[in-house]
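In: curious how this folds, go ahead:
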Amino acid sequence: SLNNLANSLQDRFTQWGILSNLDESIKLHRAALLLCPPGHSDRSQYLINLAISLRDRFTQRGVPSDLDESIELYWAALLLCPPGH
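Out: Numbers count the residues shown, from 1 in each chain. Sure thing, here's the model as predicted:
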C-alpha cells in the first residue's frame, strides 16, 4: 500500500539521511490519507504517520509550517481516538 511504501521511505531516510526519501515519504503519506476516507479504522494511523514525517522534516530543515501541520495532524488523530486513550 501507499502507506507502507511511505513508511519504508521514512525508514530509509532515518537510516541514511537522504532528504529526498523524506520528501517522497510525505508525498505518499498525503496520497494515502486522501484514499483513506473519514471513518476508516486506519485513518488515525495515517494521520500520525504523516505527522511524524513532517516533524522529521521540520527537524532537518526548520520550516515552521511543517511543525505546525504536524501538530494539527496529531490533534486530528487524537480526536479520532475513543475516550480514555
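In: how close does the residue sitting nearest the centre point of the chain sit to P83?
Out: In the chain, the centroid-proximal residue (CA atoms, centre = their mean) is L50; its distance is 0.8 Å. Distance check for L50 against P83: by CB to CB, to the nearest Å, it reads 24 Å. C-beta: built from backbone N, CA, C; applies to glycine.
In: repeat for L67
Out: 28 Å.
In: do G39 as well
Out: 17 Å.
In: and these two? which has more neighbours close in?
Out: G39 (7 against 4; other CB atoms under 10 Å).
In: neighbours around A51, how many?
Out: There are 22 residues near A51, going by other CB under 10 Å.
In: contacts only, for it.
Out: Counting by CB atoms under 8 Å, 6 or more residues apart in numbering, A51 touches E69, S70, I71, L73, Y74, A77.
In: what helix or strand does it sit in?
Out: Element membership for A51, per DSSP states H and E: helix 43-61.
In: next, the buried residues of that helix.
Out: 43-44, 46-58 (16 or more other CB atoms under 10 Å).
In: do the same with stretch 61-75
Out: Within stretch 61-75, the residues that count as buried by 16+ other CB under 10 Å are D66, L67, E69, S70, L73, Y74.
In: contact partners of that stretch?
Out: Under CB under 8 Å, 6+ apart, the answer for stretch 61-75 is L19, L47, I48, L50, A51, I52, L54, R55, R57, F58.
In: how far does that stretch sit from its chain's centre?
Out: Centroid separation between stretch 61-75 and its chain, computed with CA atoms, centre = their mean, to the nearest Å, is 10 Å.
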